[in-house]
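Colleague: Have a look at this prediction, sequence included:
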Amino acid sequence: MSLRTLCDIPRRLREGVPRTDQLLYKERGAWHGIATGDLCDTIRDQALGLRALGIGPGDRVAILSENRPEWTATDYAILSAGAVTVPIYPTLLPDQVAFILKDSGARALFVSTAAQLDKAQAARPALAALAAVAIFDAPGPLPPGVRTWGAVAALGAAARAADPAVERALDAAAPDDLATIIYTSGTTGQPKGVMLTHGNLAHNVAACCAAIPFQSSDVCLSVLPLSHIYERMVEYCYLHRGATIAYAESVEALAASMQEVRPTIVCCVPRLFEKMHRRILDTGLALPAARRAVFRWALAVAGACGARARRPGGPRWLLALQRRIADRLVYRAVRERIGGRLRFFVSGSAPLQRGIAEDLNGMGIVIYEGYGLTECSPVITLNTPASLCIGSVGRPIDGLEVRLAEDGEIQVRGPSVMRGYHNDPAATREAIVDGWLLTGDIGRFDGHGCLVITDRKKEVLKTSGGKMIAPQPIESLLRADRFIGQAVVIGERRRFLSALIVPNFDQIRSYAVIKGIAGTEIAALLRHPRVLDLFERRIAAINERLARYERIRRFRLLDREFTTEAGEITPTLKPRRRVIEERHRALIEAMYAEGPAAAAR
């Protein structure tokens, strides 16, 4: 099926074989289905409702909500009306929400709950362009100028009843028309609005569907936020193929949702595979001695099979025999715990540890790892059934050219590359040079033509959960505290942020005198319980000013400063992260090895 614009997807859903469970959601402990026809009717009425509210082609409409069927229906309605979707992470703080609404010039906003509404209402007097606000879950009497999501659909239904010809104005977008503006964190901490057209996304969807075997019979579990381009694009793929989408209640409920929905496809980030692998290990190591020995052997066989997955002929005959035995004894039970009918996972948004990928693939839990950027709609490369190369992010998708600069930077050209950054032509010129998108990532091609990511060029951390976080603003907040002299935030490929902190030694000595703490030797003072408690309280206060995913979960106090002489900071006092992390590797690893209840110190 060719795909010109995203508006083609719901139109073809309506023309195809209807389902009673096109979308699934859980409410009051039970799963409920939304039929194909009902979804398409809702999209049409919401689109006409937006038109009735004065929203037209090119207007920005924001969505501030957790994953749910209304998110998907509203996105398609905005696109059908010719407008531009501006997704906003539901975890953002009010001032961050206000910035996105103001910078995008949003004329309408959809929110999920009263808590999300409060974020927008606080800033609304300063948002001159914002003309309409609607809420999915009405808490009761609504503030002036706010209507329910159902009321918007009712406006559309009334307009259609009065004049059926109004529908002709829908789905008129062209491939070059702007479809979405997605705000991502930049190196300065100020979000940048990535502008993607219908053509950008349609190309990426079509190319990914050609590479990955999505089917109409699939049940796909949605767990990553739809405000992230990764989950949103794969949902376009699901519905392009006519598959069912089930919305997990939360990331924390993923394990339960896997058991209840028994999905065939799930797209995740590495952090979720890390947790899955950890649970498998914990379960196996808790078995009685004899069964634990069998588990250890089966785990070793899985790792060996995964390591040989790319080699000609696959596992050797003895290893293949061992795998069949291990499958009966161990792997089938593991697969049953994730629903029992999973065809494959897709991993993206951050690098997946090779050992974890080998273990899980060896157990028959197939993972196709890919690589991309929001600026490229987002997929650039993919592992596929025809080309699975564990330890790499696969080959470029059809239609994209990928090359390596002299310094190894990955550069991309093709129809998925963004139009540019909204309101930021200078950043656009910096990111796209002679038609090539400069990714800021360093890589190499292996002997199979698969891309291997080796480093990051840009000063942005990417956690194992896929969050892009600029460390500099967080470090600035930390250094603003009078007890902190220097700070380096750690978090690349990690499950949370931590920090190495060099205290203001003069302030610490003064604090010790005031509190009657004996001694002036810094190393000893930094181990004192009262000093550790001081830093725990001060960092907790700083964390209150940060979004949840930006918060410092662990820290260590250092008894000497970072210096230019040691190569730890530049002449302009910027940290050389790679040098610092290597020099303090043992300390960093100890932080991340602590149990979840361990205190930061």
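Modeller: Now that the structure is in, tell me what you want to look at.
Colleague: what residues are up against Asp239?
Modeller: Let me fix one detail, which is that residue 239 is Leu and not Asp. 9-10, 13, 22, 72, 245 (CB atoms under 8 Å, 6 or more residues apart in numbering). C-betas here are computed from N, CA, C, even on glycine.
Colleague: Farthest-apart pair in these, please.
Modeller: Pro10 and Ile245 (12.9 Å; CB to CB).
Colleague: Count the residues that sit near Tyr76.
Modeller: 27 (other CB atoms under 10 Å).
Colleague: circling back to that earlier point, next step: the contacts of Leu239 restricted to helices.
Modeller: With helices defined by DSSP state H, the entries of the contacts of Leu239 inside them are 9-10, 13, 72.
Colleague: May I ask which of these has the most neighbours?
Modeller: Thr72 (27 neighbours).
Colleague: OK, contacts around that residue?
Modeller: Contacts for Thr72 (CB under 8 Å, 6+ apart) come out as 23, 39, 226, 235, 239, 245.
Colleague: One more pass at 7 Å, please.
Modeller: Going by CB atoms under 7 Å, 6 or more residues apart in numbering, Thr72 touches 23, 235.
Colleague: go on, Glu475?
Modeller: Applying CB under 7 Å, 6+ apart, the residues near Glu475 are 487-489.
Colleague: Highest neighbour count among those residues?
Modeller: Going by other CB under 10 Å, Ala487 tops the contacts of Glu475 with 26 neighbours.
Colleague: Same question for the closest residue to that one other than its chain neighbours, what's its three-state structure.
Modeller: Distances taken as CB to CB, 6 or more residues apart in numbering put Leu478 closest to Ala487, at 3.9 Å, once the chain neighbours are dropped. Look at Leu478: counting by DSSP: H, G, I helix; E, B strand; the rest coil, its state is helix.
Colleague: about what we covered before: and which of the ones in helices among the contacts of Leu239 is nearest to Ile367?
Modeller: Nearest to Ile367 among the ones in helices among the contacts of Leu239: Thr72, at 24.9 Å, using CB to CB.
Colleague: Need the pLDDT of that closest one.
Modeller: At Thr72, the model reports a pLDDT of 98.
Colleague: Quick check: it vs Ala350, distance?
Modeller: According to CB to CB, to the nearest Å, Thr72 and Ala350 sit 24 Å apart.
Colleague: returning to that earlier point: now do the residue nearest to Ala487, the pLDDT please.
Modeller: pLDDT for Leu478: 91.
Colleague: Equivalent analysis for Arg28, please.
Modeller: Per-residue pLDDT puts Arg28 at 91.
Colleague: That one - how many residues pack around it?
Modeller: Using other CB under 10 Å, Arg28 has 5 other residues around it.
Colleague: quick one: strands adjacent to the biggest strand by length in the chain?
Modeller: In the chain, taking DSSP state E as the definition, the longest strand is strand 436-445. Looking at strand 436-445 with DSSP bridges, its partner strands are strand 409-413 (antiparallel), strand 432-433 (antiparallel), strand 451-456 (antiparallel).
Colleague: Next, the buried residues of that strand.
Modeller: Buried residues in strand 436-445, counted by 16 or more other CB atoms under 10 Å: 436-443, 445.
Colleague: do the same with stretch 98-108
Modeller: 98-101, 103-108.
Colleague: Okay, and which of those residues map to strands?
Modeller: Ala108.
Colleague: out of the buried residues of stretch 98-108, who's nearest Ala202?
Modeller: Set against Ala202, the nearest of the buried residues of stretch 98-108 by CB to CB is Ser104 (21.8 Å).
Colleague: Please give the element, helix or strand, for Ala487.
Modeller: If you go by DSSP states H and E, Ala487 is part of strand 484-490.
Colleague: Which elements pack onto that strand?
Modeller: helix 471-479, strand 497-503, helix 577-583 (3 or more CB pairs under 7 Å, 6 or more residues apart in numbering; DSSP states H and E).
Colleague: try it again with 10 Å
Modeller: Packed against strand 484-490 by the contact rule (3 or more CB pairs under 10 Å, 6 or more residues apart in numbering; DSSP states H and E) you find helix 471-479, strand 497-503, helix 505-514, helix 529-543, strand 552-557, helix 577-583, helix 585-593.
Colleague: Quick check: of the contacts of Glu475, which lies closest to Thr563?
Modeller: Using CB to CB, the contacts of Glu475 come closest to Thr563 at Val488, 13.2 Å.
Colleague: For the residue lying closest to Pro69 once chain neighbours are set aside, name its beta-bridge partners.
Modeller: Excluding its sequence neighbours, the residue lying closest to Pro69 (CB to CB, 6+ apart) is Leu23, at 4.6 Å. In this structure, Leu23 bridges to Ile34, Ile245 when assessed by DSSP bridges.
Colleague: Just give me the neighbour total for Leu23.
Modeller: By other CB under 10 Å, the residues close to Leu23 number 23.
Colleague: how much space between it and Val61?
Modeller: Applying CB to CB to Leu23 and Val61 gives a distance of 20 Å.
Colleague: And for His198?
Modeller: Going from His198 to Val61 by CB to CB gives 15 Å.
Colleague: In terms of packing, which of the two has more residues around it?
Modeller: Applying other CB under 10 Å to His198 and Val61 shows that Val61 carries more neighbours, namely 25 against 22.
Colleague: Would it be right to say that that one lies in a helix?
Modeller: No. Secondary structure assignment (three-state DSSP) places Val61 in strand, not in a helix.
Colleague: so it touches Ala77, yeah?
Modeller: Yes. With contact defined as CB atoms under 10 Å, Val61 and Ala77 form a contacting pair (8.7 Å).
Colleague: what sits in contact with each of these two?
Modeller: 50, 55, 83, 85, 110 (CB atoms under 10 Å, 6 or more residues apart in numbering).
Colleague: Count the neighbours of Arg479 for me.
Modeller: For Arg479, the neighbour count with other CB under 10 Å is 15.
Colleague: again, but for Ala541
Modeller: Residues near Ala541, counting by other CB under 10 Å: 10.
Colleague: Just want to check the distance between Tyr230 and Leu285.
Modeller: 33 Å.
Colleague: now the strands for the stretch 101-250 of the chain?
Modeller: With strands called from DSSP state E, counting those that start in this stretch, the stretch 101-250 of the chain shows them at 108-111, 132-135, 146-148, 178-184, 192-197, 219-222, 244-247.
Colleague: Show me what the third one pairs with in its sheet, parallel or antiparallel.
Modeller: It refers to strand 146-148. Counting by DSSP bridges, strand 146-148 is paired with strand 132-135 (parallel).
Colleague: what about this protein, any weak spots by pLDDT?
Modeller: 1, 185-189, 310-314, 564, 570-573, 595-601 (pLDDT under 70).
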